[in-house]
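In: Sequence below, structure please.
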Amino acid sequence: MSAHNVLENQLVADHTLVDLTNLAASADTNQLVVVDRTPSILLIETGAANEVRYLPVPEAAGLSLTIVFSTDGGGDVAITQDSNVKFTAAASSNTKLTGANAGSVVSLVSVKIGSALSWRIVNNDGFTLGAA
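Out: Residues are numbered from 1 along each chain as shown. Predicted structure coming up:
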């Protein structure tokens, strides 16, 4: 991409908000969440049992994903990255986000650190960090 047409590229880019709700609400609770455009939103609904969502390695740096725990059916939801990569730069093993209550929201951005792409937390309201 050339610097002289960056603004034009942003103007004509597809800015459709991707709603991944159908994926989140399906019967399979151990799901891989695919983020192929930005911004994306994932609305999570849980049943009575605890559930797991997996984020793959991002395809590029700069993607944004907002995860909303929209409906709490009684079970918690755990979110991990492929290969148990940390969500923060902290020394502790923050490889899992856990949502226990409806209304929890976390915003992530994909970053490239060295040669590896991963998701990092931009904002977190209600999810807890821990080891996978």
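In: from memory Ser110 sits against Pro58, does it?
Out: Yes - taking contacts as C-beta atoms under 8 Å, Ser110 lies within contact range of Pro58: 3.4 Å. Placement of C-beta: from N, CA and C, glycine included.
In: what residues do those two have in common as contacts?
Out: With contacts defined as C-beta atoms under 8 Å, 6 or more residues apart in numbering, the residues shared by Ser110 and Pro58 are Val35, Leu117, Ser118, Trp119.
In: Between which two of the residues you listed is the distance greatest?
Out: Using C-beta to C-beta, the shared contacts of Ser110 and Pro58 span at most 12.5 Å, a distance reached by Val35 and Ser118.
In: shared neighbours, those two?
Out: With C-beta under 8 Å, 6+ apart as the test, Val35 and Ser118 both reach Pro58, Ser110.
In: tally of neighbours for the residue lying closest to Lys96 once chain neighbours are set aside?
Out: Once flanking residues are discounted, Lys96 sits nearest to Ala132: 4.2 Å by C-beta to C-beta, 6 or more residues apart in numbering. Residues near Ala132, counting by other C-beta atoms under 10 Å, number 16.
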